[in-house]
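test case, fold it:
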Amino acid sequence: MYLPEIDYVDVWSFPIMGPDAVDDVPAKFVDACQAVGRDLQCRWHGPSTYMQNCVWTVSTLDDGYCHLALDAGPRPRHKTAGTSPLMGFGFGVPHIEQTQELTALIAGEVQDQLAGGPSYVQWPIEKNRLLMPSFRDGRAVWVVRSSDRVVAEIGALV
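The predicted structure is shown next:
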């Protein structure tokens, strides 16, 4: 299979939850990715997975479209017995200026990648229901679809 080589305008990598990020990364990417990264630590149903050292990579194209990837970072020995590292994945994101709208989009893509991956994950859940990311009133939020109830802002899930 032939895969074309892609010339990216910029490529940045930074920790899943922060606070550190390279200075020239646009704040909207850092804020959106790290909000989703914080929530990945909560309400997870699936195999026990070590994510603390995962790394986001944002690669922009000249048309504003970008590729995002979440890859497993180094796993410390003796601290993660019984867990497996996160299986890395990537996806494309259209050009979006508003951070909260971008956050909801990234949360939805990550949720789809986890649910469709080899070790099926439901994330995030409340009781037996999957919470859905949504953009409402200028905020990225988790919603119970059946009741249309907002549970928390994305990045503030407990």
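
tell me the neighbouring strands of the lengthiest strand in the chain, and mark each as parallel or antiparallel.
Counting residues, the longest strand found in the chain (DSSP state E) is strand 129-136. For strand 129-136, the paired strands and their directions (DSSP bridges) read strand 125-126 (antiparallel), strand 139-144 (antiparallel).

need the residues that contact the shortest one.
Translated: strand 125-126. Strand 125-126 is contacted by residues 43-45, 131, 144, 151 when judged by CB atoms under 8 Å, 6 or more residues apart in numbering. Just so you know, the C-beta spots here come from the backbone N, C-alpha and C atoms, and that holds for glycine as well.

rerun at 6 Å
The contact list for strand 125-126, computed with CB atoms under 6 Å, 6 or more residues apart in numbering, reads 43, 45.

where does the nearest residue to Asp39 once chain neighbours are set aside fall, helix, sheet strand or coil?
Spatial nearest neighbour of Asp39, excluding adjacent residues (CB to CB, 6 or more residues apart in numbering): Leu157 at 4.3 Å. Secondary structure for Leu157, judged by DSSP: H, G, I helix; E, B strand; the rest coil, is coil.

how many residues are close by the residue found closest to Gly88 once you drop the neighbours it is linked to in the chain?
Distance criterion CB to CB, 6+ apart; nearest residue to Gly88, sequence neighbours excluded, is Asp71 at 4.0 Å. Neighbourhood size, Asp71 [other CB atoms under 10 Å]: 17.

now do Asp71 against Cys42, distance only.
Note on Asp71: its distance to Cys42, by CB to CB, to the nearest Å, is 21 Å.

what are the bridge partners for the residue nearest to Gly88, then?
With DSSP bridges as the rule, Asp71 is bridged to Val55.

that one contacts Phe89, correct?
No: Asp71 is beyond contact range of Phe89, at 8.4 Å (criterion: CB atoms under 6 Å).
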